[in-house]
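Undergrad: I need the structure of the sequence given here:
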Amino acid sequence: MPTHVQSQQEFFTMLVEEQRDIRITLASLERSGKPVELDQTTQGRVSRVDAISNQHMAKAGSTRLVIQLDRINAALEWYAAGRYGICCRCELEIPHGRLMADPATPFCLDCTEELAEVKQHERHHRLNTGR
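TA: Below you'll find the predicted structure:
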């Protein structure tokens with residue numbers, strides 16, 4: 001089996017395992033995100049504030065995980081289409097080391113840096129123009 005095909009299968013396995021782990025974590029976070037009781041007879045004010053704080057942190061963590069899950073799902077779609085490891089922007093092959101660092105990355109490093117510069121320029125422009 002060619003090294004390229006073997007490494008593609010390894011990345012596929014990594015993506016599927018990470019997808020499974022995120023789904024398990026999201027299910028756990030969903031259980032911890034239930035509304036906090038307001039009854040002070042069962043829970044003190046400070047404990048309630050802590051519970052609300054924990055709930056907000058769980059929601060923020062959940063949001064990040066949902067974004068990562070979306071990235072993984074997109075990478076798996078690219079894999080199924082035979083396009084995994086190809087930059088979505090320049091259509092050049094994404095280096096193996098970059099995929100090892102982030103198997104769900106849709107862009108090569110050059111395109112990632114270019115997109116970050118564009119985004120920074122747009123943010124700077126909005127701040128300076130008030131739009």
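Undergrad: Where does pLDDT dip in the chain?
TA: 1-5, 32-46, 48, 51, 54, 131 (pLDDT under 70).
Undergrad: hey, where'd the helices end up in it?
TA: 3-32, 45-80, 96-101, 109-129 (DSSP state H).
Undergrad: Can you show me the CA trace of the last one as CSV?
TA: What that stands for is helix 109-129. The C-alpha coordinates for helix 109-129 follow below in CSV (Å, rounded to 0.1, in the frame of the first residue of the first chain):
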residue,chain,number,x,y,z
LEU,A,109,-0.1,27.0,6.1
ASP,A,110,0.4,29.7,3.4
CYS,A,111,-3.3,30.1,2.8
THR,A,112,-4.0,30.1,6.5
GLU,A,113,-1.5,32.9,7.0
GLU,A,114,-2.9,34.8,4.0
LEU,A,115,-6.5,34.5,5.3
ALA,A,116,-5.4,35.6,8.8
GLU,A,117,-3.8,38.7,7.3
VAL,A,118,-7.0,39.5,5.3
LYS,A,119,-9.1,39.0,8.4
GLN,A,120,-6.8,41.3,10.4
HIS,A,121,-6.8,43.9,7.7
GLU,A,122,-10.7,43.8,7.6
ARG,A,123,-10.9,44.1,11.4
HIS,A,124,-8.5,47.0,11.4
HIS,A,125,-10.5,48.7,8.6
ARG,A,126,-13.8,48.3,10.5
LEU,A,127,-12.3,49.7,13.6
ASN,A,128,-10.9,52.7,11.7
THR,A,129,-14.1,53.4,9.7
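Undergrad: For it, what is the distance to the chain centroid?
TA: Distance, stretch centre to chain centre, for helix 109-129: 20 Å (CA atoms, centre = their mean, to the nearest Å).
Undergrad: how is this structure carved up into domains?
TA: 1-84, 87-131 (automatic domain parsing).
Undergrad: Would you mind giving those as a markdown table with mean neighbour count added?
TA: Yep, even glycine has a C-beta here, placed from its N, CA and C like the rest. Below are these laid out as a markdown table (neighbours: other CB atoms under 10 Å):
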| stretch | mean neighbour count |
| --- | --- |
| domain 1-84 | 13 |
| domain 87-131 | 13 |
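Undergrad: Cool, thanks, talk later.
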